[in-house]
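Visitor: Test case, fold it:
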Amino acid sequence: MPLLTPWLKSCTSAADIDWSGKLPLTVTGAVDIRRAESMGHHNCRLRPMPVVAKDSEQFSELEEAVRAARLALRPATSAETGFELKRLSVWCPMANRDVRDFKMMIHDALTDLVDIPLDLIQKACATYRNDPDPRCDFFPRPVKLKEIIADEWRARRLLLFRLERLLAIANEPPKLPPPITLAELKEQARHQLELEAMMAGMFGRAPPPPLTPEQSAAEILRRTEAKIHEAQRDQHLSPAMAEALIAELTTNPEAPHGEKT
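Guide: The predicted structure follows:
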């Protein structure tokens, strides 16, 4: 396994990151939980993959880690694997097999072990020949050797997958949605107010008394500000974005976003 810098080790071992990259994001780069759930992603309490700046020292560390991880997964050649299997056969005599059978067996083993790196082949053979179990006096089937190094082989492949995902997203960061506007938030507040009055009448409750234009404007203003805070809490707005919208709402409460009175 390649040695990783602390931040890469912490990142690639994290289980709460969306390594698939399928979950939708907010304008701040966080996972849009509500939209993800509406799309059928029920396990969306995850963090997005971190985006590494291409001009940073971390990017160079990431590129080096990817190269090392790919090297750690480079398959052994047929000659290298064949040599290790022949060495193992010295410790596991096969008196009842002739040379032709041995060659056929080695050929099949080379086919079955074709994707495994040399150091893992060596580790599997060494572990097998040092096992005190009497059954290990016999030449193993390839599956027995695979079982010995299965966990480490799987861990190497998972590490490479995650490192390559980090590199891919660093080279092509995700496109984030545009920020929500003050006009949209005002319209949501207005629609919510109208919907509440309509629903009260549908369920037989007395509708609320009609609001004066001044009262309606004040209530929409209050609800719009609440929606700004809610959007910031859900990471649809950064603190700076929310502060700017609240300042605009306070300064120009009647005009939709982008219009001047």
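Visitor: can you pull the pLDDT of R97?
Guide: At R97, the pLDDT value in this model is 68.
Visitor: For the remainder of this discussion, apply numbering that starts at 408.
Guide: Fine by me, first position is 408 from now on; the one you just mentioned is R504.
Visitor: Give me the neighbour count for R629.
Guide: R629 has 11 neighbouring residues, counting by other C-beta atoms under 10 Å. Where C-beta positions appear, they are placed from N, C-alpha and C, glycine not excepted.
Visitor: Counting neighbours, which bits of the helix or strand harbouring it end up buried?
Guide: R629 is part of helix 620-640, with elements assigned from DSSP states H and E. Within helix 620-640, the residues scored as buried using 16 or more other C-beta atoms under 10 Å are 627-628, 630-632, 634-635, 638-639.
Visitor: can you give me the strands in the chain?
Guide: Assigned by DSSP state E, the strands in the chain number zero.
Visitor: what residue ranges in it are flagged as low confidence?
Guide: 408, 450-451, 501-502, 504, 607-615, 661-668 (pLDDT under 70).
Visitor: one more time with 90, if that's ok
Guide: 408-410, 422, 427-430, 438-454, 496-513, 540-546, 599-624, 641, 657-668 (pLDDT under 90).
Visitor: Please report the residue range of the longest helix in it.
Guide: Identified as the longest helix of the chain according to DSSP state H is helix 549-578.
Visitor: What is it packed up against?
Guide: Applying 3 or more C-beta pairs under 8 Å, 6 or more residues apart in numbering; DSSP states H and E, one finds that helix 549-578 contacts helix 413-419, helix 464-479, helix 506-519, helix 525-536.
Visitor: And the contacts of the shortest one?
Guide: If I follow you right, that is helix 413-419. If you take C-beta atoms under 8 Å, 6 or more residues apart in numbering as the criterion, helix 413-419 is touched by 411, 424, 457, 465, 468-469, 472, 566, 569-570, 573.
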